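> coords please:
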Amino acid sequence: MKYLFPALLLLFAGSFQDGRAQTNHDFSHYKQDAQKIIEAALNDDMTFRRLTDFVDAYPHRLSGSKSLEQSIDWILKTMNNDSDLDLIRTQQVMVPHWVRGEESVTLVSPRKRNMPMLGLGGSIGTPEQGIEAEVLVVNSFEELESKSAQVKGKIVLYNVPFTSYGETVQYRLNGAVEAAKHGAVASLIRTVGDYSMKTPHTGTSRYADGVKNIPHAAITIEDAKLLQRMQNRGQTITVNLKMQAKTLADAESRNIIAEIKGSEHPDEIIVIGGHIDGWDVGQGAMDDAGGCFAAWQALRIISKLGLQPRRTIRLVMWTNEENGLRGAEEYKNMVQANNTLNDHVLAIESDSGVFDPEGFGFSGSDEAFAMIKAIGNLLIPIEAGDISRGGGGADIGPIMREGVPGMGLNVDGAKYFWYHHSRADTIDKLNKDDFNECVAALAVMAYVAADADQTLPR
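Here you go, the predicted model:
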């Protein structure tokens, strides 16, 4: 075990002295409460079993699906049965409803072979017989532009190696639009990830006004490289792409909201959570049921230990993060409408997987950063006390843009993009001890920020 309370006590105490000297913030009087929270989290077996049961029962939670709404019903029923959180409720959200349907990519020439694939969220479908066309492989948007004269009537394949998610995901988001501008009849991408065992990854994509919509799908890293080699040899590549994908009318979904009410400043809110929707492949265990359940358990531990903070801690499980962010926008609209946006002291999101936690990334004022960094010292026993500049998350993004300080749980993400948005995002990729440490980190951070003498400064 990487955490050893007795061996770290001297280091732990010394870190507070250093923190006081550097930041003038002292949270050493929370050491005992923090230790209680950490021990309660690390000794828990039930929550990881609960998470496992949940993703096994409701593996596909794409917006608009019956499975998503059934999973929300299950959580609400379980929360009410637990009876340890306050004001359990939902917020109605209208969400997009995209349906994958049957789909396939078949290599027709230079030899016949079925290739694993996943249509990209929001893509249109193909005619029933599919689209059979020659493939042009490019390695960038710039190469596509330079070969514009060769594109018309072809299927463009973007064979773009993974560098960073923010950079490489542009081919998933905008690849169909750029290919269509040059006359392509469909587009494929090399899956957005840095490792593959024949596992394509899905994710949302975009269309643009004034540009023809064409089908857009992902193939594996292995097959993208194969088609690149064929093209390099001068071989003509033909594939048949079939997709039944379609977009239906918007559907009704819900954000889940529950709280621990503050004892002295109940109108001041620390919001914590993740997104409960997930793609229609895999189980969405790390993305992001694990984050939701970790935040949920963080509040349950605080409640069970009788640690009522001065400020309210609000749990939100947002809907429709994956293909629309409607839940996040509706939450922002709600708190703006009821004039409570400025009462949001801090927003904490867990949506980077529940692997071994390292600390938090924080976005806010210098004084607030100093406070959060000092609170981070309480997490030294589980090696999760590293507080860095820059952090947040997609679902807290809308309220962060309105001035709310935000932070995201940072974990060892070395394998995150191995599984992201793929059939491989399943519960067996997670580790109970890592998950419990994520719970501990979230609980300590949320509780101390909510109970501190000073409100986190904007």
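> Show me the strands in the stretch 301-450 of the chain, by range?
Ranges of strands within the stretch 301-450 of the chain are 311-318, 344-349, 357-363, 386-389, 406-411, based on DSSP state E, counting those that start in this stretch.
> in the shortest one, what's buried?
Spelled out, it's strand 386-389. I387 (16 or more other Cβ atoms under 10 Å). (Glycine included, C-beta is placed from N, CA and C.)
> Direction included, what does that strand pair up with?
Applying DSSP bridges to the sheet, strand 386-389 is found paired with strand 357-363 (parallel).
> Out of the strands of the stretch 301-450 of the chain, the one nearest N232 is which?
Proximity to N232, assessed across those by Cβ to Cβ, is greatest for strand 406-411 (38.5 Å).
> Packing partners of that closest one?
strand 344-349, strand 357-363, helix 397-400, helix 432-451 (3 or more Cβ pairs under 8 Å, 6 or more residues apart in numbering; DSSP states H and E).
> my read is L241 is in a strand, agree?
Yes - checked against DSSP: H, G, I helix; E, B strand; the rest coil, L241 lies within a strand.
> which one is it nearest to, not counting chain neighbours?
Leaving aside its sequence neighbours, L241 sits nearest to I131 (Cβ to Cβ, 6 or more residues apart in numbering; 4.9 Å).
> wouldn't the one you found be in contact with N240 here?
Yes - using Cβ atoms under 8 Å, I131 makes contact with N240 at a distance of 7.1 Å.
> mind checking how far the nearest residue to L62 once chain neighbours are set aside is from A218?
Using Cβ to Cβ, 6+ apart and skipping the chain neighbours, the partner closest in space to L62 is D280 (4.3 Å). Using Cβ to Cβ, to the nearest Å, one gets 14 Å for the distance from D280 to A218.
> So for these two, which residues contact both of them?
Listed as contacting both D280 and A218 by Cβ atoms under 8 Å, 6 or more residues apart in numbering are T202.
> Give me the buried positions along whichever strand or helix holds L87.
Element membership of L87 [criterion: DSSP states H and E] is strand 86-99. Neighbour-count burial for strand 86-99 flags D86, I88, T90, Q91, V93, M94, V95, P96, H97, W98 (criterion: 16+ other Cβ under 10 Å).
> residues making contact with the strand or helix carrying E222?
Using DSSP H and E, E222 sits in helix 221-232. Here helix 221-232 makes contact (Cβ under 8 Å, 6+ apart) with 107, 110, 115-116, 135-137, 157, 159, 188-191, 193, 195-196, 198, 237.
> Just the ones in strands from those residues, please.
Using DSSP state E, the members of those that fall in strands are L107, M115, V135, L136, V137, L157, L188, I189, R190.
> Most distant residue from the centre of the chain?
G234 (40.8 Å; Cα atoms, centre = their mean).
> Please report how far the most centrally placed residue in the chain lies from G391.
By Cα atoms, centre = their mean, the chain has its centre lying nearest to D351, at 3.6 Å. As judged by Cβ to Cβ, D351 and G391 stand 11 Å apart.
> quick one: common contacting residues for those two?
G408.
> burial count for K212?
The number of residues packed near K212 is 15, by other Cβ atoms under 10 Å.
> Now for A452: which residues touch it?
F27, R310, M371, I375.
> Filter those residues down to the buried ones and hand me the ChimeraX line.
The buried residues among these can be selected in ChimeraX (16+ other Cβ under 10 Å) with this line:
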select :27,371,375
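> Make sure F417 is actually in contact with T191.
No - counting by Cβ under 8 Å, F417 sits too far from T191 to count as a contact (9.6 Å).
> On the three-state scheme, the residue nearest to F141 when sequence neighbours are not counted is what?
Closest residue to F141 apart from its sequence neighbours, by Cβ to Cβ, 6+ apart: E178 at 5.6 Å. Three-state call for E178 (three-state DSSP): helix.
> cool, L68 as well?
Per three-state DSSP, L68 ends up helix.
> per-residue pLDDT, the closest residue to it other than its chain neighbours?
What sits nearest to L68 in space, not counting adjacent residues and going by Cβ to Cβ, 6+ apart, is R61, at 4.2 Å. Residue-level confidence at R61 comes out at 98, pLDDT.
> Next, count neighbours for R61.
By other Cβ under 10 Å, 27 other residues sit near R61.
> Run through the residues that contact E437.
Y3, A41, L42, D356, P357, I382, A384.
> Can you give me the pLDDT of Y3?
In this model, Y3 is scored at 36, pLDDT.
> Poorly predicted segments of the stretch 1-150 of the chain, please.
1-23 (pLDDT under 70).
> quick one: the strands in it?
Going by DSSP E, counting those that start in this stretch, the stretch 1-150 of the chain shows strands at 86-99, 103-109, 113-115, 117-119, 131-138.
> export the longest one as CSV, just CAs?
So the one you mean is strand 86-99. Extracted C-alpha coordinates of strand 86-99, given in CSV (Å, rounded to 0.1, in the frame of the first residue of the first chain):
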residue,chain,number,x,y,z
ASP,A,86,-30.4,16.0,1.6
LEU,A,87,-32.7,17.4,-1.1
ILE,A,88,-32.3,14.6,-3.6
ARG,A,89,-33.9,15.8,-6.8
THR,A,90,-33.6,16.0,-10.6
GLN,A,91,-33.5,18.7,-13.2
GLN,A,92,-35.1,18.1,-16.5
VAL,A,93,-32.9,18.4,-19.6
MET,A,94,-33.8,17.9,-23.2
VAL,A,95,-31.0,16.0,-24.9
PRO,A,96,-30.0,14.9,-28.4
HIS,A,97,-31.0,11.4,-29.4
TRP,A,98,-28.5,9.8,-31.8
VAL,A,99,-28.9,6.1,-32.6
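> so what does it touch, helix or strand wise?
Counting by 3+ Cβ pairs under 8 Å, 6+ apart, the packing neighbours recorded for strand 86-99 are helix 66-82, strand 246-260, helix 326-337.
> the domain parsing of this protein - what is it?
5-98+249-451, 101-244 (automatic domain parsing).
> related to what we said a few turns ago, more neighbours: which of D280 and A218?
A218 (29 against 22).
> Show me what the host helix or strand of that one packs onto, helices and strands only.
Under the criterion of DSSP H and E, A218 resides in strand 216-219. Under the contact criterion of 3+ Cβ pairs under 8 Å, 6+ apart, strand 216-219 touches strand 103-109, strand 117-119, helix 170-181, strand 186-190.
> Out of those, which one sits most buried?
strand 186-190 (a mean of 29; mean count of other Cβ atoms under 10 Å).
> Between strand 103-109 and that one, find me the angle.
Per axes from the mean of the first three to the mean of the last three Cα atoms, to 10 degrees, the angle that strand 186-190 makes with strand 103-109 is 90 degrees.
> List the strands paired with strand 186-190, with their directions.
strand 155-158 (parallel), strand 216-219 (parallel).
> Now do that strand: everything it contacts.
The contact list for strand 186-190 (Cβ under 8 Å, 6+ apart) reads 105, 117, 120, 126, 131, 133, 135, 155-161, 171-172, 175-176, 179-180, 214-221, 224-225, 239, 241.
> Mark which of those residues are buried, thanks.
105, 117, 120, 126, 131, 133, 135, 155-160, 171-172, 175-176, 179-180, 214-221, 224, 239, 241.
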